[in-house]
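Colleague: here is my input, please return the structure:
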Amino acid sequence: MTDKNNNVQNTPENDDQPIGVSLNMTREPAGGNTFVRSWAVELDRKALDQALCSARSPALAGDVALMPDTHWGLGATVGSVIPTKSAIIPAAVGVDIGCGMVAAELAMEANELPDSLDPLLRSIGRSIPAGFGFHQQATDSARQWMRANPVPEPDRVPDKNLRRASHQLGSLGGGNHFVEVCTDERNRVWAVLHSGSRGIGNTMAQGHIRSAKALCKTLERALEDRDLAYFLASDSEFNAYIEDMLWAQRYALANRELMMDVLLEDIRHAVGKSIDEVRRINCHHNYTERETHTVDGQNQELWITRKGAIRARTTDWGVIPGSMGAASFIVRGLGNPASYYSAAHGAGRKHGRKDATRRFSIDEFKVAMEGSGRTWQEKDADKLLDESPMAYKDIDGVMAAQSDLVAIEHRLEAVLNYKGY
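Modeller: Numbers count the residues shown, from 1 in each chain. Below is the predicted model of the structure:
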């Protein structure tokens, strides 16, 4: 359902709701017996049409589910959960395979942090390489990981990208990737980080997306959108993609782990004492995994692709960030089968990058960040304008819309934010 401004409204409908599903969810018909299950807030027509197109793909084995933070994306809608049985859509996983969040709870209180966090911000900038470029020095930990986890088929990756993989392992990247130091409602300190599989994951993804498009064209597989090109399990390319994708997911997980280790050392140095780590949560939100779900009353083994979504079974803990000026959340899954046990991965963009830089001024950006009360790279505001808080949806609205998907355990307010550009 849409309003006069072409925004899809998250208004509950009582008709034709699956039994046991919260009324937070609406259903949008995609044609025939195909639907999009939507928890989305502030969803524009372009994003809905893209999701409906995905739902009509012959590769799918069930409805598409849209998370509250859903917005338009390249290939498939960001914030979508896509079930397939004997097929995989590389562009639905996305080009930053394994992108996700890691958060570490520390055994320290907010009052133990130094009065000025500027030195810590500078230290993080030196310790954690950021930006889109090539990093000259590979760490011993990165080299060890690469030796223990060789690329499945080196011939599928250009030599220069293979060489860069170890140099970029343990680096942040740019765009919406960030490092934060936060405090929760108990005044407990958390370290939080968002990053993915860097250049090597992008290279693998782009290569397989091109391969899927070429294969579908050669075999004349009908595609409503070329970006939804897919492999079938009977294709040799299917297993090649799965091998590379799973490797890139492991790389992304390790990338976050290595950076978190460095970040915790920076915090310990800033406070001048040893600090214990209570727990660590590391979760993907751009990935696919083989899972068991009920379809048409039967348990089936499916590939569940989450593009901008986290897994939220009752045994899962997750990290859901807001914008750089808003809160983040530590959550526990509620195991809702209607969402394929999934939840939002963040606030979700309200304005695209180019639109945000045209729409908002640097002064507005600085005022918004002043209100957040956190230490950040104010001198680089012109380079970070597309990441300003105004470019994102209201994270509290996103969390309210998924009260049937996750339970909030802790609300985190950042005291320091560091981003790559």
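Colleague: make it CA atoms for all contacts and neighbour counts henceforth
Modeller: OK.
Colleague: could you point out which residue ranges in the stretch 51-200 of the chain have low pLDDT?
Modeller: Within the stretch 51-200 of the chain, the stretches with pLDDT under 70 are 134-136.
Colleague: all strands for it, in order.
Modeller: Secondary structure of the stretch 51-200 of the chain (DSSP state E, counting those that start in this stretch): strands at 64-71, 78-84, 87-88, 100-109, 178-183, 188-195.
Colleague: could you identify which of those is most buried?
Modeller: Of all the strands of the stretch 51-200 of the chain, strand 64-71 carries the top mean neighbour count, a mean of 32, counting by mean count of other C-alpha atoms under 10 Å.
Colleague: redo the strands of the stretch 51-200 of the chain as CSV? Include distance to Leu223.
Modeller: Formatted as CSV, the strands of the stretch 51-200 of the chain follow (distance: least, C-alpha to C-alpha, whole Å):
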stretch, distance to Leu223
strand 64-71, 17
strand 78-84, 16
strand 87-88, 14
strand 100-109, 29
strand 178-183, 36
strand 188-195, 32
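Colleague: and Asp227, which of those is closest to it?
Modeller: Judged by C-alpha to C-alpha, the one of these that comes nearest to Asp227 is strand 87-88, at 12.3 Å.
Colleague: direction included, what does that closest one pair up with?
Modeller: Strand 87-88 sits in its sheet next to strand 231-232 (antiparallel), going by DSSP bridges.
Colleague: who touches the partner strand?
Modeller: For strand 231-232, the surrounding residues in contact (C-alpha atoms under 8 Å, 6 or more residues apart in numbering) are 86-89, 212, 215, 237-238.
Colleague: tell me which two in these are the farthest apart.
Modeller: Across those, no pair lies farther apart than Ser86 and Leu215, at 15.9 Å, counting by C-alpha to C-alpha.
Colleague: rewinding a little: of the strands of the stretch 51-200 of the chain, which is nearest Asp404?
Modeller: strand 64-71 (11.4 Å).
Colleague: show me what contacts the residue lying closest to Thr26 once chain neighbours are set aside?
Modeller: Spatially, and ignoring its direct neighbours in sequence, Thr26 is nearest to Ser38 (5.1 Å; C-alpha to C-alpha, 6 or more residues apart in numbering). By C-alpha under 8 Å, 6+ apart, Ser38 lies in contact with 10, 25-28, 65-68.
Colleague: how near is Ser38 to Leu232?
Modeller: Separation of Ser38 from Leu232 (C-alpha to C-alpha, to the nearest Å) stands at 27 Å.
Colleague: run the chain-centre distance for stretch 132-151.
Modeller: 23 Å (C-alpha atoms, centre = their mean, to the nearest Å).
Colleague: measure it end to end?
Modeller: Distance between the two ends of stretch 132-151: 21 Å, counting by C-alpha to C-alpha.
Colleague: outside of that stretch, which residues touch it?
Modeller: Contacts with stretch 132-151, where a contact means C-alpha under 8 Å, 6+ apart, come from 129, 164, 166-170, 173-174, 244, 247, 258, 420-421.
Colleague: got CSV for those residues, with neighbour count and distance to Gly201 too?
Modeller: Putting those into CSV (neighbours: other C-alpha atoms under 10 Å; distance: C-alpha to C-alpha, whole Å) gives the following:
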residue, neighbour count, distance to Gly201
Pro129, 22, 17
Arg164, 19, 11
Ser166, 25, 12
His167, 19, 14
Gln168, 27, 11
Leu169, 30, 11
Gly170, 31, 14
Gly173, 25, 12
Gly174, 17, 14
Asp244, 23, 8
Trp247, 21, 9
Leu258, 17, 17
Gly420, 21, 18
Tyr421, 17, 18
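Colleague: reformat the residues you listed as a markdown table; add distance to Val102.
Modeller: Below are the contacts of stretch 132-151 laid out as a markdown table (distance: C-alpha to C-alpha, whole Å):
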| residue | distance to Val102 |
| --- | --- |
| Pro129 | 17 |
| Arg164 | 23 |
| Ser166 | 20 |
| His167 | 21 |
| Gln168 | 18 |
| Leu169 | 15 |
| Gly170 | 13 |
| Gly173 | 15 |
| Gly174 | 16 |
| Asp244 | 22 |
| Trp247 | 18 |
| Leu258 | 11 |
| Gly420 | 16 |
| Tyr421 | 20 |
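Colleague: just flag the most distant two among these.
Modeller: Spanning the widest gap among those are Asp244 and Tyr421, at 26.8 Å by C-alpha to C-alpha.
Colleague: what's the single longest helix in this protein?
Modeller: helix 236-271 (DSSP state H).
Colleague: so how far is that one from its chain's centroid?
Modeller: Taking C-alpha atoms, centre = their mean, one finds helix 236-271 lying 13 Å from the centre of the chain it belongs to.
Colleague: what's it packed up against?
Modeller: Using 3 or more C-alpha pairs under 8 Å, 6 or more residues apart in numbering; DSSP states H and E as the contact test, the elements touching helix 236-271 are strand 100-109, helix 118-127, strand 188-195, helix 198-218, strand 231-232, strand 277-284.
Colleague: relative to strand 100-109, how tilted is that helix?
Modeller: Put simply, helix 236-271 runs at 20 degrees to strand 100-109, going by axes from the mean of the first three to the mean of the last three C-alpha atoms, to 10 degrees.
Colleague: buried residues in helix 236-271?
Modeller: 237-238, 241-242, 244-260, 262-267, 270 (16 or more other C-alpha atoms under 10 Å).
Colleague: partners of the residue lying closest to Ala191 once chain neighbours are set aside in the sheet?
Modeller: If the residues on either side of it in the chain are set aside, Ala191 comes closest to Val181, at 4.7 Å by C-alpha to C-alpha, 6+ apart. On the basis of DSSP bridges, Val181 is bridged to Ala191, Leu416.
Colleague: quick one: residues contacting Val181.
Modeller: Taking C-alpha under 8 Å, 6+ apart as the criterion, Val181 is in contact with 189-192, 414-417.
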